[in-house]
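Student: only geometry, no sequence info:
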């Protein structure tokens, strides 16, 4: 399990390690410096290394890193943004040891001081950053980014918040980031993923008990595999549930077919696609493996209000509503009937739009899958509010509605009503096209029908969608990628996830 932390959480872990476990802060700084120096050395620098330091512990790490690099007989100098006399505590001690060895350092004056560095170590700003970087620090960030040398960031690239929020200004663009204790949530924002390069994590001697159960986890392959229903040799179609997918309308039959195919690919035992009667022949002709349930249609080709009463809900183990439904009274009536059941329920797209603002609490498990615009409508806020703090917004919705929320984005946030959350970073920009969300809905429906726990099902489905997009990109590229390409890659993604837990035949590593 790869736990993630905010800057505040990491500072609390450090405090507890020092005060409760008796670990000297200087020991932690020394371990961090030694580890970061080893990351720099792995770059195999052939020339001058420039370590850029600032105030606080991040600057102290920088002085220690420079000393460790000098001990490896590597040419190094420190360029500091502040007068060393301003340093305090452990950071001041690191400077004093460095200076006592007669090693070179100078005060920052202009970008030319960084130009000779074949490697630049960014120890300017740490995890305590608040707001936009200004003044000399902003000038130094620009100088680092303009320099030709490779960049190794210390704990976090300067300018990048440790919290899961977008940066307010410029950020150092690193080739590698040596981070300490646990990875910071901000490393996995869209801006963070562009800035961090290779992430190298080291616990630096912190007690293992302090590095667990932070409430936020990276949804990597091992974590996503927890949502896979296991399959015994004596299984039959009844073992894997019967899902109901309410989807489609005139001109939007493709949404029903994308979601339905994804549900079938998930391993579901039976699938019934409930759709307006006028598109039922098209859906049935294109998805041979699904049952179809034609329902009364309105003059506009969407569900009529009478449709809700004609769905035999007692035969299903999970349901989903929304893809391609449109927002007429029929969709509202069908959503209202599903909400009154105890079936595990996925709500997406127009299923969300007819409920805004807010998702009613219900007895059965609920998973909602909004994009930022839909999330803004559900919470009666702006899209800008959602994008400014997506993880907190995701958690707020999950708590308010008592459900699992999958807030879609370049990094997708997944949260449940207990505060448990995950960040998913699989995927490509090829998913930024109509139909990708329908695939996600179908995958979650299929896993819920197989009785997967809702949070785990959401995590598995999100990982699978992103990984299938990555696999599809090998054939179709990113710009030309279509949702049908992602569907075609799903079997390989699913088999890879099963192989991660030792099921079926091992597949090549993804």
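Tutor: Done, it's in. What you see is a predicted model; the values in this text were computed from it and never measured.
Student: ok, and what's touching the helix or strand hosting residue 397?
Tutor: Here residue 397 sits within helix 390-401, counting by DSSP states H and E. Identification of contacts with helix 390-401 by Cβ atoms under 8 Å, 6 or more residues apart in numbering yields 164-165, 185, 216, 358-361, 366, 368, 372, 375, 378-379, 381, 385-386, 404-405, 407, 409, 413-417, 419, 421, 423. From N, CA and C alone the C-beta is placed, and that goes for glycine too.
Student: the helix or strand just after it pairs with which strands?
Tutor: Using DSSP H and E, the helix or strand that follows helix 390-401 in sequence is strand 404-407. Sheet partners assigned to strand 404-407 using DSSP bridges are listed as strand 366-368 (parallel), strand 412-415 (antiparallel).
Student: mind listing what's buried in the helix holding residue 397?
Tutor: Of all the residues in helix 390-401, those buried under the rule 16 or more other Cβ atoms under 10 Å are 390, 391, 392, 393, 394, 395, 396, 397, 398, 401.
Student: can you redo these as a markdown table with distance to residue 295 and pLDDT?
Tutor: Below are these laid out as a markdown table (distance: Cβ to Cβ, whole Å; pLDDT from 0 to 100):
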| residue | distance to residue 295 | pLDDT |
| --- | --- | --- |
| 390 | 36 | 98 |
| 391 | 38 | 98 |
| 392 | 39 | 97 |
| 393 | 34 | 98 |
| 394 | 33 | 98 |
| 395 | 36 | 98 |
| 396 | 35 | 97 |
| 397 | 30 | 98 |
| 398 | 31 | 98 |
| 401 | 27 | 97 |
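Student: enumerate every residue touching the closest residue in space to residue 479 that isn't next to it in sequence.
Tutor: Spatial nearest neighbour of residue 479, excluding adjacent residues (Cβ to Cβ, 6 or more residues apart in numbering): residue 430 at 7.4 Å. By Cβ under 8 Å, 6+ apart, residue 430 lies in contact with 469, 472, 473, 476, 477, 478, 479, 481, 485, 486.
Student: show me where pLDDT drops low in the stretch 401-510 of the chain?
Tutor: For the stretch 401-510 of the chain, the stretches flagged by pLDDT under 70 are 502-510.
Student: so where do the helices sit in it?
Tutor: 436-449, 454-476, 483-500 (DSSP state H, counting those that start in this stretch).
Student: tell me if I'm right that residue 210 and residue 11 touch.
Tutor: No - in this structure residue 210 lies outside contact range of residue 11 using Cβ atoms under 8 Å: 11.9 Å.
Student: with neighbour numbers in mind, choose between those two.
Tutor: Neighbour count, other Cβ atoms under 10 Å: between residue 210 and residue 11, residue 210 has more, with 22 against 16.
Student: mind checking how far the more buried one is from residue 17?
Tutor: Between residue 210 and residue 17 the computed distance is 6 Å (Cβ to Cβ, to the nearest Å).
Student: so residue 258, which state does it fall into?
Tutor: helix (DSSP: H, G, I helix; E, B strand; the rest coil).
Student: contacting residues around it?
Tutor: So residue 258 contacts 323, 435, 438, 439, 442, 483, 484, 487 (Cβ under 8 Å, 6+ apart).
Student: pull the most distant pair out of those.
Tutor: By the measure Cβ to Cβ, 323 and 484 form the most distant pair in the contacts of residue 258, at 14.8 Å.
Student: which residues in the stretch 1-150 of the chain form helices?
Tutor: 7-19, 25-42, 56-71, 89-100, 112-115, 135-146.
Student: what angle separates the third one from helix 7-19?
Tutor: To tie it back to what came earlier, the one meant is helix 56-71. Angular relation of helix 56-71 and helix 7-19 on a 0 to 180 degree scale: 70 degrees, by axes from the mean of the first three to the mean of the last three Cα atoms, to 10 degrees.
Student: okay but residue 142 is in contact with residue 170, surely?
Tutor: Yes - judged on Cβ under 8 Å, residue 142 makes contact with residue 170 at a distance of 6.3 Å.
Student: one step back: which among the helices of the stretch 1-150 of the chain is found nearest to residue 351?
Tutor: helix 7-19 (35.0 Å).
Student: can you tell me what sits against that closest one?
Tutor: 5, 23-25, 28, 126-129, 161-163, 181-182, 184, 186, 206-207, 210-211, 214.
Student: residues of that helix that come out buried?
Tutor: 7, 9, 10, 11, 13, 14, 17.
Student: ok, these vs residue 241, which is closest?
Tutor: Of these, the one sitting nearest to residue 241 (Cβ to Cβ) turns out to be residue 9, at 38.0 Å.
Student: distance of the closest one from residue 414?
Tutor: Counting by Cβ to Cβ, the gap from residue 9 to residue 414 is 19 Å.
Student: ok, now residue 244?
Tutor: 23 Å.
Student: same question for residue 469.
Tutor: Taking Cβ to Cβ, one finds residue 469 at 17 Å from residue 414.
Student: where in the chain is pLDDT low?
Tutor: Using pLDDT under 70, the chain drops low at 502-510.
Student: packing partners for the longest strand seen in the chain?
Tutor: Identified as the longest strand of the chain according to DSSP state E is strand 270-276. Under the contact definition 3 or more Cβ pairs under 8 Å, 6 or more residues apart in numbering; DSSP states H and E, strand 270-276 sits against strand 242-246, helix 253-265, strand 291-295.
Student: any idea which of the ones you listed is most buried?
Tutor: strand 242-246 (a mean of 29; mean count of other Cβ atoms under 10 Å).
Student: picking that back up, more neighbours: which of residue 323 and residue 484?
Tutor: Set side by side, residue 323 and residue 484 show more neighbours around residue 323, with 33 against 16, by other Cβ under 10 Å.
Student: with adjacent residues omitted, what lies nearest to that one?
Tutor: Counting by Cβ to Cβ, 6+ apart, residue 255 is the residue found nearest to residue 323 once chain neighbours are left out, at 3.8 Å.
Student: next, the nearest residue to residue 149 once chain neighbours are set aside: phi, psi?
Tutor: For residue 149, ignoring the flanking residues on the chain, the nearest one in space by Cβ to Cβ, 6+ apart is residue 117 at 4.3 Å. Note on residue 117: its backbone torsions stand at phi -70, psi 120 [degrees, to the nearest 10].
Student: ditto for residue 183
Tutor: phi -70, psi 140.
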